[in-house]
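>>> what shape does this take:
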Amino acid sequence: MVSAVKSAANHVERVLVVVVAVGRLFSLPLLVPLVIAGTPLLLGVVGFCVTESLLFITICLRRRRIPQVAAFADVAVTIAVLWPGTIPPTDTVSHSYNYLIIAVPVAGLAGWSFVTTLGVGAAAAVAVAATMTEVTWTVVPDIANPLVVTMISWLIATSVRIAANHLDTQREHAVAAASRLARERERVRQAQMLRGALLDVLEGLMAADAVPDEYVRQQLRSETAWLRRLVAAEPAAGSGDVFDDLQQLFREKESTGLRLNVRWAATRPELTGERTDALLGATREALTNVVKHAGVTEADVNLDVVDGALTIEVIDGGRGFDTSVAPVGVGIRESIQRRLIEVDGQARIESFPSRGTRVLVSVPVNR
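Predicted structure coming up:
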């Protein structure tokens, strides 16, 4: 999760506080005409505005955001200084009008809803209208100004807040993706270590002639060679043609004593490298399971291209198992189903006790 201190949304709030502080400080000199007028009332108004502005700025800086309650009080005070008593007899508008135009946009920066902000801006416009002593051509723009600047500030602040929230969301997704990638890399590293340890054990057994059965030794040599390539992260010695690669795999398995009855598809499809690797790995695991679990030395392998996918069917007449009660083996789950799902492929395993097992794997072909 993104740290609240470093989030873009919090950064935006701090920037808006700075905007309010700077804007308010630069608006205070606009009260100078009231000071020049020199009446005790107007001097009191100026002193009140300066004190309230500094207090409001201090609250915002300490909170690192614009508190909505404080903003409401500030706008109320800003509108109140338009009191008709601040209008000199010779003028038609309060000398605090210019101060209002610079100070009131804080209503748009406080994070209120559109309706609330519109209401505050309208209240400021009504207050301006109430202080007008004469009707001239400037009345309409003078009244509209508080509402317009308030809504413009609201639009800008809202847009920036939305962008910041979107940035925080994207950052959270990136952090989560990086975390998943780190976990996956660690899983791959551990898997490599496990395969390396297993490889050392297998090679140690063969070096010590600890396996007397020639068939088992041949099987160990085949699986050890494949595992060695996997641990070394070397690509399989493929030809670029999936049928040629499958034929090499079949010869490798037949060299260990497994007899295969292969029926090839009528067409030779093209597959991407990832799908070829996944299909070869799944088929290898299916044939290995025939020897390890079925208790037979013969299997039928049928290849076909159906509905834009190359399918390979491995059928044995071995002991089988009850899929409704027997747990799915690690080899079937990890080596067959998972690797095919990662390349948009599919795998289906059917088996019944004493009636053999049927494994059907498929991957989409290139189009």
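
>>> let me see the contact set for the closest residue to residue 154 other than its chain neighbours.
In space, and not counting its chain neighbours, residue 154 is closest to residue 108: 3.4 Å by C-beta to C-beta, 6 or more residues apart in numbering. Heads up, the C-betas are built off the backbone N, CA and C, glycines and all. If a contact means C-beta atoms under 8 Å, 6 or more residues apart in numbering, then residue 108 has 117, 121, 149, 150, 151, 152, 153, 154, 155, 156, 157 as its contacts.

>>> now do residue 26
By C-beta under 8 Å, 6+ apart, the neighbours of residue 26 are residue 102.

>>> doesn't it lie inside a strand?
No - assessed with DSSP: H, G, I helix; E, B strand; the rest coil, residue 26 is helix; it does not lie in a strand.

>>> can you give me the helices in the stretch 1-150 of the chain?
Along the stretch 1-150 of the chain, counting by DSSP state H, counting those that start in this stretch, helices occupy 8-27, 32-37, 40-63, 68-80, 97-103, 106-109, 114-131, 139-207.

>>> most packed of those?
Greatest average neighbour count among the helices of the stretch 1-150 of the chain goes to helix 106-109 (a mean of 26), per mean count of other C-beta atoms under 10 Å.

>>> how far is that helix from where the chain is centred?
32 Å (C-alpha atoms, centre = their mean, to the nearest Å).

>>> same question, stretch 97-114
36 Å.

>>> and it, how far apart are its ends?
24 Å (C-alpha to C-alpha, to the nearest Å).

>>> quick one: mean pLDDT for it?
Model confidence over stretch 97-114, given as mean pLDDT, is 87.

>>> give the contact list for the nearest residue in space to residue 102 that is not next to it in sequence.
Spatial nearest neighbour of residue 102, chain neighbours left out: residue 27 (3.6 Å); criterion: C-beta to C-beta, 6+ apart. By C-beta under 8 Å, 6+ apart, the contact list for residue 27 reads 53, 99, 102, 103.

>>> tell me the pLDDT at residue 27?
86.

>>> same thing with residue 281?
84.

>>> hmm, it is touching residue 342, no?
No - the pair residue 281 / residue 342 is not scored as a contact, 10.7 Å apart, by C-beta atoms under 8 Å.

>>> settle it for me: which of these two has more neighbours?
Taking other C-beta atoms under 10 Å, residue 281 and residue 342 do not tie; residue 281 has more neighbours (19 against 11).

>>> what's the separation between the residue nearest to residue 102 and residue 37?
Using C-beta to C-beta, to the nearest Å, residue 27 is found at 18 Å from residue 37.

>>> tell me, please, the helix or strand in this protein that averages the lowest pLDDT.
helix 330 (a mean of 47; mean pLDDT, DSSP states H and E).

>>> need the next SSE after that one, C-terminal direction.
helix 339-341 (DSSP states H and E).

>>> residues in contact with that following helix?
Outside helix 339-341, the residues touching it (C-beta under 8 Å, 6+ apart) are 278, 279, 281, 282, 346, 347, 361, 362, 363.

>>> just say helix, strand or coil for the closest residue to the fifth one other than its chain neighbours.
Read that as residue 346. Among residues not flanking residue 346 along the chain, residue 362 sits closest, at 5.2 Å (C-beta to C-beta, 6+ apart). Following three-state DSSP, residue 362 is assigned to strand.

>>> now residue 323
Residue 323 - assigned by three-state DSSP - is coil.

>>> that one: neighbour count?
Neighbours of residue 323 (other C-beta under 10 Å): 14.

>>> swap in residue 260?
16.

>>> these two touch, right, it and residue 301?
Yes - between residue 260 and residue 301 there is a contact at 5.5 Å, judged by C-beta under 8 Å.

>>> quick one: common contacting residues for these two?
Common neighbours of residue 260 and residue 301 (C-beta under 8 Å, 6+ apart) are 250, 287.

>>> for residue 110, what are phi and psi?
For residue 110, the backbone dihedrals (degrees, to the nearest 10) come out as phi -80, psi 0.

>>> okay, residue 206: pLDDT?
pLDDT, read off for residue 206, is 66.

>>> report the central residue of this structure.
residue 173 (2.7 Å; C-alpha atoms, centre = their mean).

>>> so how far is residue 165 from that residue?
Taking C-beta to C-beta, one finds residue 173 at 13 Å from residue 165.

>>> repeat that for residue 317.
Residue 317 is 62 Å from residue 165, by C-beta to C-beta.

>>> residue 289 now?
52 Å.

>>> I'd like the distance between the closest residue to residue 70 other than its chain neighbours and residue 17.
Spatial nearest neighbour of residue 70, chain neighbours left out: residue 59 (5.0 Å); criterion: C-beta to C-beta, 6+ apart. Remark: distance between residue 59 and residue 17 (C-beta to C-beta) = 10 Å.

>>> can you list the domains in this protein?
Following automatic domain parsing, one finds the domains of the chain at 8-173, 240-364.

>>> ok, which of the ones you listed comes nearest residue 181?
domain 8-173 (12.4 Å; C-beta to C-beta).

>>> buried set for the host helix or strand of residue 244?
Assigned by DSSP H and E, residue 244 belongs to helix 242-254. Judged by neighbour count using 16 or more other C-beta atoms under 10 Å, the buried positions of helix 242-254 are 242, 245, 246, 249, 250, 252, 253.

>>> go on, stretch 311-327?
In stretch 311-327, counting by 16+ other C-beta under 10 Å, buried: 311, 312, 313, 314, 315, 316, 317, 318, 320, 321.

>>> can you give the contact residues for that stretch?
246, 279, 282-283, 286-287, 290, 293-296, 298-305, 349-362.

>>> hmm, residue 336 is touching residue 287, no?
No - judged on C-beta under 8 Å, residue 336 makes no contact with residue 287 at a distance of 11.0 Å.
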